[in-house]
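J.: model this:
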Amino acid sequence: MTVSAPAPKKPFVVWMGWLRLIALLMVCVCHAGDPLSAFGSSAEKRWIEIYGSFVRPCVPLFVMLTGALLLPVRESFGGMFKRRVTRLIWPFLLWNAIYAAIPWLLAACGVATEMIQKVFFPFAVPLHVDGASIVRTFFLSLGQYNQYAVQLWYIYLLIGLYLFMPILSPWLRQATLRAKWAFLGLWGAAMALHYWPLALEAATRTAWGAAFFGDYVTRFLGAPTFDLATIAAWDAFPVLGACDWNTFGGLYMFGGFVGYLVLGHVLKETRLTLGKTLALALPLFLVGYAVVGLGSHWMWNRPGVTPKMFEFFWWYCSIPVAMMTAAVFLLVKHLTWAPAPILAALKDLTRCGLGVFCAHYVFVTGCYYLLHPVLPIPLLVPASAILGLALSWAFVSVVERLHPALRRIMG
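T.: Numbering: from 1, shown residues only. Here you go, the predicted structure:
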């Protein structure tokens, strides 16, 4: 039986500490806009387009950081499971239980259900505060995303990435840089398919496109007529082999967040001067931000927009978001120094970063309403994100220092 040797402790890398802080702050800004998205006026929601589009690289940056830190892994599949995946289980269980119990605890303290929903769980409709519902929420959350612990979807993703790393790593160790970029090119092609519904909709609004796809519908799908409304559902006309009994198209294997893992691994070793980085990264970020921001504004103002369409330009695995993410990653690589107090803080955040990520949501939304009476919306979103991050960071850092076991279960 082969036993994996324990991986040596890696030295702290300053720019990775900065990247972790920036990614966490972006996540907090993202969630600071949730109360505004749920309850704000149309004019106020314009700020979600501005801020929410700007911070789209948040989760992809975490994945790129994981790829930069860990790939290629030396552990076996079993060793990776024991060392990485099991570390996530206790925090996952704890924070799911906490978020499931918060509505019940607040209701037991006399807080009105409407207030609990408005302040802490803007998208949990209806909000359940009875004991039986809390138990159901907890057990359902073990297998699926829920509106109480909205940020914990990332834990499912991280577990999957950890399990795939031992499979990906042998190839990365022997692959040339050209082969790695070829993989990333196929990843980009897979992400380009995300825009197929837009291309299809545009084509069917032309006489030739309507005739062509109308013929396709009647000949291949067996539908009696061609209805443009089916295009609006954006689930028609699967491509590259996808169909009713197969959701995995020809480029599916190259899609998803695994591309960010490889991108982080590749860009970690990329050496560019500051001038070249600025010349490359600034256009990448600005073009990506323009597509995400203007695209979201256009989409949100369409009649009959569905929740799926609402998030269309915000998808993490899309080309403009990948452009923004790569740009931030390359820029932050040049932050190789920090004064001693900030360096100590960055090291502390590395220690308790997972716990901060899990805890931040209620702190951020609570700070939004704490600051709401005194700040205008343009300042309210970033201010509540910064204060929420600081409070959740302080809370997790202090609690984890009380006993070694608390760090294990809090993250």
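
J.: who are the packing partners of the helix or strand harbouring Gly214?
T.: In this structure, Gly214 sits in helix 207-216 according to DSSP states H and E. Applying 3 or more CB pairs under 8 Å, 6 or more residues apart in numbering; DSSP states H and E, we find helix 207-216 packed against helix 196-204. For every residue, glycine as well, the C-beta is placed using N, CA and C.

J.: now the residue nearest the centre of the chain: phi and psi?
T.: Nearest to the mean C-alpha position of the chain, by CA atoms, centre = their mean, lies Val59 at 3.4 Å. Reported as degrees, to the nearest 10, the phi and psi values for Val59 are phi -70, psi -40.

J.: what about the residue lying closest to it once chain neighbours are set aside, which SS state?
T.: With CB to CB, 6 or more residues apart in numbering as the measure, Tyr316 is the residue that lies nearest to Val59, at 5.5 Å, once sequence neighbours are left out. The three-state label given to Tyr316 by DSSP: H, G, I helix; E, B strand; the rest coil is coil.

J.: could you pull out the helices in the stretch 301-411 of the chain for me?
T.: 307-310, 319-332, 340-371, 377-402, 404-410 (DSSP state H, counting those that start in this stretch).

J.: how about Asn246, phi and psi?
T.: When quoted as degrees, to the nearest 10, the phi and psi of Asn246 stand at phi -150, psi 110.

J.: can you tell me how far it sits from Pro238?
T.: To Pro238, Asn246 is 8 Å away according to CB to CB, to the nearest Å.

J.: those two: which is more packed in?
T.: When Asn246 and Pro238 are compared for neighbours, Pro238 comes out ahead with 14 against 10, by other CB atoms under 10 Å.

J.: would it be right to say that the more buried one lies in a strand?
T.: No - the assignment for Pro238, made by three-state DSSP, is coil rather than a strand.

J.: residues in contact with it?
T.: Thr247, Gly249 (CB atoms under 8 Å, 6 or more residues apart in numbering).

J.: in the helix holding Gly214, what counts as buried?
T.: Neighbour-count burial for helix 207-216, counted by 16 or more other CB atoms under 10 Å, picks out Phe213, Gly214.

J.: report the angle between that helix and helix 196-204.
T.: 110 degrees (axes from the mean of the first three to the mean of the last three CA atoms, to 10 degrees).

J.: give me the low-pLDDT residue ranges for the chain?
T.: 1-9, 216-237 (pLDDT under 70).

J.: repeat that for 50
T.: Low-confidence segments of the chain (pLDDT under 50): 1-6, 232.

J.: tally of neighbours for the residue nearest to Val129 when sequence neighbours are not counted?
T.: Take Val129 and drop its neighbours on the chain: the residue closest to it by CB to CB, 6+ apart is Ala107, 3.8 Å away. The number of residues packed near Ala107 is 18, by other CB under 10 Å.

J.: quick check: phi and psi on the residue nearest to Leu343 when sequence neighbours are not counted?
T.: Spatial nearest neighbour of Leu343, excluding adjacent residues (CB to CB, 6+ apart): Val14 at 6.8 Å. Main-chain torsions, Val14, degrees, to the nearest 10: phi -60, psi -50.

J.: residues in contact with Val14?
T.: Applying CB under 8 Å, 6+ apart, the residues contacting Val14 are Leu335, Thr336, Trp337, Ala338, Leu343, Leu346.

J.: do you know how far the nearest residue to the fourth one once chain neighbours are set aside is from Met165?
T.: If I follow you right, that is Ala338. Leaving aside its sequence neighbours, Ala338 sits nearest to Val14 (CB to CB, 6+ apart; 5.6 Å). As for Val14, its distance to Met165 is 24 Å (criterion: CB to CB).

J.: with Gly79 instead?
T.: 11 Å.

J.: try Ala385
T.: Relative to Met165, Ala385 is positioned 31 Å away (CB to CB).

J.: those two: which is more packed in?
T.: Ala385 (27 against 22).

J.: for that one, which residues are in contact?
T.: The neighbourhood of Ala385, defined by CB under 8 Å, 6+ apart, consists of Leu25, Cys28, Val29, His31, Ala32, Val364, Cys367.

J.: the residue nearest to Val59 touches Gly259, doesn't it?
T.: No - applying CB atoms under 8 Å as the test, Tyr316 and Gly259 come out as separate, 10.4 Å apart.

J.: more neighbours, those two?
T.: Gly259 (23 against 19).

J.: so Ser169 makes contact with Val73?
T.: Yes - look at Ser169 against Val73 with CB under 8 Å: they come within range, at 4.9 Å.

J.: still on that earlier bit, got the contacts of Ala385 as CSV, with neighbour count and distance to Gly250 columns?
T.: CSV is the format used below for those (neighbours: other CB atoms under 10 Å; distance: CB to CB, whole Å):
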residue, neighbour count, distance to Gly250
Leu25, 18, 38
Cys28, 30, 38
Val29, 22, 37
His31, 27, 36
Ala32, 29, 39
Val364, 29, 40
Cys367, 24, 46
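
J.: neighbour-wise, which of Ser169 and Val73 wins?
T.: Neighbour totals were compared for Ser169 and Val73, and Val73 leads with 23 against 17 (other CB under 10 Å).

J.: hang on, that one packs against Pro170?
T.: No - judged on CB under 8 Å, Val73 makes no contact with Pro170 at a distance of 9.7 Å.

J.: mind listing what's buried along stretch 159-174?
T.: Neighbour-count burial for stretch 159-174 [16+ other CB under 10 Å]: Ile159, Leu161, Tyr162, Phe164, Met165, Pro166, Leu168, Ser169, Leu172.

J.: the second one: which element?
T.: Secondary-structure element containing Leu161, defined by DSSP H and E: helix 153-174.

J.: before we move on, what about Ala101?
T.: helix 86-108.

J.: sweet, I'm off.
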